[in-house]
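Trainee: Okay, predicted coordinates and the sequence, questions at the end:
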Amino acid sequence: MAAKSIISRPVYGTLSPQAGKHHLFVADAEGALAIIGMAKNAPAGFFDGAEIVFIPGSDGKYVAALEALKPAQLHLAPSFPSLLPRLRQTLTNAHMGLRLYLSGTEGLIGQAMQVALEAGIDHTSMQTEHRGSLARRMQCVHCKGITENVTTQPASCSHCGLLLLVRDHYSRRLAAFQGVCINAEDRSEIPPMEEIFR
Amino acid sequence: MSTGTTKLDVVVSDVVPVNELVTRFHFRRRDGELLPTFSGGAHVVVEMRDGERTRLNPYSLMGSPLNTSEYTISVRRDDVGRGGSLFMHRSVKPGLEMVISYPVNLFSLDLRARKHLMLAGGIGITPFMAQTSQLAGSGGNFELHYTCRTASLGTYADVLQQRYDRRVRLYHDDLDERIDLDRLLSSQPLGTHLYVCGPAGMINWVRDRAAALGWPSETVHFEHFAAPQPGAPFDVTLAVTGKTIRVGSQQSLLEAIEAAGVDPPYLCRGGVCGQCETNVVSHDGKFIHNDHWLSEEDHRSGCKIMPCVSRFEGKSLVLER
């Protein structure tokens, strides 16, 4: 579970079945467990109107368990960028009555939420559940470059190389935490790097 | 001083009968200046000084928000109500000086919406007059479905159709025309927001169907001003000010508290905004809750009351006021 912090730091819930005509799930790796857990409380026939878009981890776990839920569609994708066109297309053609469920890493939830916000779904209307890694997607506030899977504090910007303090300040629009130069006054001062976002 | 109840000194600049039940009133500032800016869905509280008695009723502003040289409201005559609408219809003439509140919006458009789907019933059309003007001025995407009893009681239906053509769809009760609500709600593009204003039964029906069909509550907006209902007189003790007052049968509890010289906070006076929420110190009797603000749990608990629209029957009532 992500620790409580400033108000901009996203808080995630537990997936629960919503009233609706279509149910779209986007999940990665352990996020599958959130869907499988929710299925226990879902009314009969719930998955007949469900589409699951899933990015399996390297071990390919949970695919069979998701298949067993017998969703109307199960689409496997190797990465978030590879599922993006499909997700955009689905949301563009969707009608009110579609409900969105996001589960897995913060990076996956944040990026899927970003696309859904663009499609007009309010962030409070989406079901989210955090599972798996706490690795962060970070934007360098200086060069604006995005660094994926940040696990350390501080962290180096993969674009401009500045050493950044990874803040809890989060942007839904960018789907990223903000990284601010930690040694702007004296660049020779290098604080120890700790792995804290596991 | 109550929150948001800054007053405007206005003069009635025009009174226009619209049909057999509805009359439109135009207000301008007495000092000739522009009125404050408002957004579609806003209302003002109109003070009606009727001899010894002052009523304060909320009415939606129905003019274009782009024009603040005047405010317009439309009042439907209610022959069995507490007399506010009758006073407006009978006694308010051009040239009369009146006092209204600053506009307050408890039914505003969510401008993040991709599309605005509006459902009006009867006189519930008035906030949509302003909202459609606002959206049309900025190229907004909207669709209005308007149910009225008969064509002659379809207040502003002709104006709306002339302005917006096929974006307005009319349903007449006397011709047995009904909205195919489930189909309408299920065919809206993602990102649509729903707005409903009309009789309580219609609002409940639309909210229930929208929830069942998967519309998130954040996308469903509604407004229904409850009028204070007349009822049996009752006595109330105000614990903070140490006064004991009697609420007359045609008076609201809020009006009785004000008549006793106590100045509680208020805003909409229609059970919607929550400003006048009052704690109950003790009671022996039954509450008649008429508001849309308190939760069902609050209503059952007997610990809170909205004095603008709710009443009490019983032996004793003590309020923290």
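Mentor: Happy to help now that I have it. Numbers count the residues shown, from 1 in each chain, chains lettered A, B, ... in the order given.

Trainee: give me the residue from chain B nearest chain A.
Mentor: Nearest to chain A in chain B, going by Cβ to the nearest Cβ, is B:Gly191, at a distance of 2.0 Å. C-betas here are computed from N, CA, C, even on glycine.

Trainee: A:Asp122 is in contact with that residue, correct?
Mentor: No - if you go by Cβ atoms under 8 Å, B:Gly191 and A:Asp122 don't touch, sitting 9.2 Å apart.

Trainee: So which of these two has more stuff around it?
Mentor: Ranked by neighbour count (other Cβ atoms under 10 Å in any protein chain shown), B:Gly191 and A:Asp122 place B:Gly191 first, with 21 against 17.

Trainee: per-residue confidence at the nearest residue to the residue of chain B closest to chain A once chain neighbours are set aside?
Mentor: Ranked by Cβ to Cβ, 6 or more residues apart in numbering or on different chains and with sequence neighbours excluded, the top spatial neighbour of B:Gly191 is A:Gly120, at 2.0 Å. We have a pLDDT of 93 for A:Gly120.

Trainee: So what touches the least confident helix or strand in chain B by mean pLDDT?
Mentor: Taking mean pLDDT, DSSP states H and E as the measure, chain B has strand B:53-60 as its least confident helix or strand, at a mean of 90. With contacts defined as Cβ atoms under 8 Å, 6 or more residues apart in numbering or on different chains, strand B:53-60 is touched by B:41-48, B:73-75, B:82-85, B:87, B:107, B:126-127, B:130, B:197, B:223, B:225, B:227, B:255, B:268-270.

Trainee: From those residues, keep the buried residues only.
Mentor: B:41-46, B:48, B:73-75, B:82-85, B:87, B:107, B:126-127, B:130, B:197, B:223, B:225, B:227, B:255, B:268-270 (16 or more other Cβ atoms under 10 Å in any protein chain shown).

Trainee: Go through these and flag which are in helices.
Mentor: Secondary structure from DSSP state H places B:Gly84, B:Ser85, B:Phe87, B:Thr126, B:Pro127, B:Ala130, B:Glu255 of the buried ones among the contacts of strand B:53-60 in helices.

Trainee: residues in the stretch 101-250 of chain B within reach of chain A, list them.
Mentor: Residues of the stretch 101-250 of chain B lying near chain A by Cβ under 8 Å from any Cβ of the partner chain: B:112-114, B:185-192, B:211-216, B:218-219.

Trainee: now with 10 Å?
Mentor: Proximity of the stretch 101-250 of chain B to chain A (Cβ under 10 Å from any Cβ of the partner chain) is limited to residues B:110, B:112-115, B:117, B:185-194, B:210-219.

Trainee: Mind checking which of those are in strands?
Mentor: With DSSP state E as the criterion, strands contain B:Lys115, B:Leu117, B:Thr192, B:His193, B:Leu194 from among these.

Trainee: would you list these in TSV and tack on distance to A:Pro85 and neighbour count?
Mentor: Compiled in TSV, these are given as follows (distance: Cβ to Cβ, whole Å; neighbours: other Cβ atoms under 10 Å in any protein chain shown):
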residue	distance to A:Pro85	neighbour count
B:Lys115	24	17
B:Leu117	29	24
B:Thr192	24	21
B:His193	27	25
B:Leu194	30	22
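
Trainee: Same list (these) but as CSV, adding pLDDT and distance to A:Ala19.
Mentor: Listed next are these as CSV, based on pLDDT from 0 to 100; distance: Cβ to Cβ, whole Å:
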residue, pLDDT, distance to A:Ala19
B:Lys115, 97, 21
B:Leu117, 98, 18
B:Thr192, 98, 16
B:His193, 98, 17
B:Leu194, 98, 15
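
Trainee: In PyMOL, select just the buried ones from the residues of the stretch 101-250 of chain B next to chain A.
Mentor: A single PyMOL command selects the buried members of those (16+ other Cβ under 10 Å):
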select buried, chain B and resi 113+115+117+185+186+188+189+190+191+192+193+194+210+213+214+215+216+219
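
Trainee: In contact with residue 50, which residues?
Mentor: No chain specified, so I'll use chain A. A:17, A:20, A:22-25, A:35, A:39, A:42, A:69-74, A:99, A:101 (Cβ atoms under 10 Å, 6 or more residues apart in numbering or on different chains).

Trainee: meant chain B, my bad for not saying
Mentor: B:Gly83, B:Gly84, B:Leu86, B:Phe87, B:Met88, B:Arg90, B:Ser91.

Trainee: Could you pick out the one among those residues with the lowest pLDDT?
Mentor: Per-residue pLDDT puts B:Gly83 lowest of the contacts of B:Asp50, at 87.

Trainee: Surely that residue and B:Arg90 touch.
Mentor: Yes - in this structure, B:Gly83 is within contact of B:Arg90 by Cβ atoms under 10 Å, at 9.5 Å.

Trainee: Next, give me the two most distant ones among the ones in helices among the buried ones among the contacts of strand B:53-60.
Mentor: Greatest spatial distance in these: B:Ala130 and B:Glu255, 27.7 Å, computed using Cβ to Cβ.

Trainee: Spell out, range by range, the helices that occur in chain A.
Mentor: Taking DSSP H as the criterion, chain A carries its helices at A:31-39, A:63-67, A:80-92, A:106-118.

Trainee: which other helices and strands contact the first one?
Mentor: Using 3 or more Cβ pairs under 10 Å, 6 or more residues apart in numbering or on different chains; DSSP states H and E as the contact definition, the elements that helix A:31-39 packs against are strand A:22-28, strand A:50-55, helix A:63-67, strand A:98-104, strand A:127-130.

Trainee: Repeat the analysis, applying 8 Å as the threshold.
Mentor: On a contact count with 3 or more Cβ pairs under 8 Å, 6 or more residues apart in numbering or on different chains; DSSP states H and E, helix A:31-39 meets strand A:22-28, strand A:50-55, helix A:63-67, strand A:98-104.

Trainee: could these go into a markdown table alongside mean pLDDT and distance to B:Leu61?
Mentor: Formatted as a markdown table, those follow (pLDDT from 0 to 100; distance: least, Cβ to Cβ, whole Å):
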| stretch | mean pLDDT | distance to B:Leu61 |
| --- | --- | --- |
| strand A:22-28 | 97 | 39 |
| strand A:50-55 | 97 | 44 |
| helix A:63-67 | 96 | 53 |
| strand A:98-104 | 97 | 35 |
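
Trainee: Among the ones you listed, which comes closest to A:Gly132?
Mentor: A:Gly132 sits nearest to strand A:98-104 of all the helices and strands packed on helix A:31-39, at 5.8 Å, using Cβ to Cβ.

Trainee: quick one, the strand ranked longest in chain A and helix A:106-118 angle?
Mentor: Determined from DSSP E, the single longest strand within chain A is strand A:163-171. Angle, strand A:163-171 to helix A:106-118, by axes from the mean of the first three to the mean of the last three Cα atoms, to 10 degrees: 40 degrees.
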